[in-house]
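[1] show me the folded form of this:
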Amino acid sequence: GMEVESPFGENGLIEDWDAVEAIWEYAFKKRLTIQTDEHPMLLSEPVHTTDAVREKMVEIMFEKHAPPALFLAKNPVLSSFAVGKATSLVIDMGGKQTTVSAVHEGFALQKSVVRSALGGEALTDVVLKYLEKQKVDVRPPYSFTKKVKGNGQFDVKNVSHPKTTGSYALFKKREIAADIKESVCRLNDHMFNSAEHKNVPLVAYELPDGNTVEVGVERFQIPELLFQPELLKEMNITVPGIDGDTKLKSIQELVLECINNSDVDVRKDLWGNLALSGGSSMFTSMRERVEGALFDHAPQNVRTKVIASMNSVERRFATWIGGSILASLGSFQQLWMSKQEYEEHGASLIGKKCP
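    Numbering: from 1, shown residues only. So this is what the prediction gives:
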């Protein structure tokens, strides 16, 4: 009877405010067990958040949790601080989408921001569709019981759960697909070519019910979609939420567009400080692949440098780490929007305090 839903819409912005309030309430009261009126709050936000969403966040936070002060920071700015840079071009490969934004002297350049619907969740859906095409039955652990028979054999029996919702079943299947993606898929450090990879050895993955699936060329093809989205047609796969007629942009196209949208005098700095963040940036050889894909596009006199933390936790939680760094800086303390300012001027003041 449980539905699995996200508070975020297709564009990555908050839509279900009741869910957000419940998540905040749970985080503060049950997990952190803090008195919210004793702690200033730093909230991270997508770079394309609208004024209406920002004001609503401020209003709920001050009215419900009454922190002494609040600050809203853009995700790419925090990711940039996490790698020790005030100026960089942040390539954030997130779940819902891939976002590329220029950060200059600690400010996100709004006009530079470009996004693509190809993110981690889309790649997970491609894995799921591939398994469907291979007639592989993905059975989540709740749908069967498994007993050891001996000799490494299992006796698997289906268990009926008539009240399981479609959204919960899909959620559990996607968890398995995401694990296949993370453990089997890998990137080449050069351009993928189907003919070249025709005879790659198969890699076996054991599903929760004990069956195995063997993945061949697709383990290179699926992460390569970030650089060659047109491979979706070659694989003959359609992904929910991505219209077949939509022109999907590759990472190199997003980076070029973002740099071209930025002022001429900051472009050289951006080419030399390309920062990778987000869970989908963790495929093997991602840094080398991005560098290689951009090498031919960079101007002659400019050195291209991709910065990517070798620690996967740091890359995945770059926004969180950047927020921790920013909030602990002495020079940052005068930038907070205080509760008193909120009571005097209202939520709309956040546009001036946190541009």
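
[2] report pLDDT for Asn199.
    In this model, Asn199 is scored at 84, pLDDT.

[3] for Lys233, that is, sorry about that
    The model's pLDDT for Lys233 equals 86.

[4] isn't there a helix covering it?
    Yes: counting by DSSP: H, G, I helix; E, B strand; the rest coil, one finds Lys233 located in a helix.

[5] that one: neighbour count?
    In terms of burial, Lys233 registers 10 neighbours under the definition other C-beta atoms under 10 Å. (C-beta placed from N, C-alpha, C; glycine too.)

[6] distance check, it against Lys247.
    Using C-beta to C-beta, to the nearest Å, we find Lys233 at a distance of 12 Å from Lys247.

[7] quick one, helices of the stretch 51-200 of the chain?
    51-60, 75-82, 120-133, 166-184 (DSSP state H, counting those that start in this stretch).

[8] got a list of what the residue nearest the centre of the chain touches?
    In the chain, the centroid-proximal residue (C-alpha atoms, centre = their mean) is Gly94; its distance is 1.3 Å. Residues near Gly94 by C-beta atoms under 8 Å, 6 or more residues apart in numbering: 12, 119-120, 278-280.

[9] who wins on neighbours among the residues you listed?
    Ser280 (27 neighbours).

[10] confirm for me that that one is in contact with Gly119.
    Yes: counting by C-beta atoms under 8 Å, Ser280 touches Gly119, with 6.1 Å between them.

[11] picking up where we left off before, winner for burial among the helices of the stretch 51-200 of the chain?
    Mean neighbour count, computed with mean count of other C-beta atoms under 10 Å, is highest for helix 75-82 among the helices of the stretch 51-200 of the chain, reaching a mean of 26.

[12] alpha carbons of that one, as CSV, please.
    Extracted in CSV, the C-alpha atoms of helix 75-82 (Å, rounded to 0.1, in the frame of the first residue of the first chain):
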residue,chain,number,x,y,z
ASN,A,75,24.8,23.6,-5.8
PRO,A,76,27.6,24.4,-8.3
VAL,A,77,29.1,27.1,-6.1
LEU,A,78,29.3,24.6,-3.2
SER,A,79,30.8,21.9,-5.5
SER,A,80,33.4,24.4,-6.6
PHE,A,81,34.4,25.2,-3.0
ALA,A,82,34.6,21.5,-2.3
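
[13] which other helices and strands contact that helix?
    Counting contacts by 3 or more C-beta pairs under 8 Å, 6 or more residues apart in numbering; DSSP states H and E, the secondary-structure elements packed against helix 75-82 are strand 41-45, strand 88-93, strand 98-104, strand 107-108, strand 274-277, helix 318-327.

[14] so for Glu59, which of the ones you listed sits nearest?
    Set against Glu59 and scored by C-beta to C-beta, those come closest in strand 41-45, at 12.4 Å.

[15] what about this protein, any weak spots by pLDDT?
    Low-confidence segments of the chain (pLDDT under 70): 241, 243-246.

[16] strands of that one, start to end?
    Secondary structure of the chain (DSSP state E): strands located at 41-45, 69-74, 88-93, 98-104, 107-108, 114-116, 144-150, 153-158, 203-206, 212-215, 274-277, 306-307, 337-338.

[17] between strand 98-104 and the second one, find me the angle.
    Angular relation of strand 69-74 and strand 98-104 on a 0 to 180 degree scale: 110 degrees, by axes from the mean of the first three to the mean of the last three C-alpha atoms, to 10 degrees.

[18] ok now stretch 165-181, how far from the chain's centre?
    Average the C-alpha atoms of stretch 165-181, do the same for its chain, and the two points are 17 Å apart (C-alpha atoms, centre = their mean, to the nearest Å).

[19] and the helices of the stretch 51-200 of the chain as TSV, adding distance to Val290?
    TSV is the format used below for those (distance: least, C-beta to C-beta, whole Å):
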stretch	distance to Val290
helix 51-60	30
helix 75-82	15
helix 120-133	16
helix 166-184	19
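
[20] Glu25 is nearest to which of these?
    It's helix 51-60; of the helices of the stretch 51-200 of the chain, that one is closest to Glu25 (C-beta to C-beta) at 10.4 Å.

[21] counting contacts, what elements does the closest one pack onto?
    Other elements packing on helix 51-60 under the criterion 3+ C-beta pairs under 8 Å, 6+ apart are helix 17-26, strand 41-45, strand 69-74, helix 350-353.
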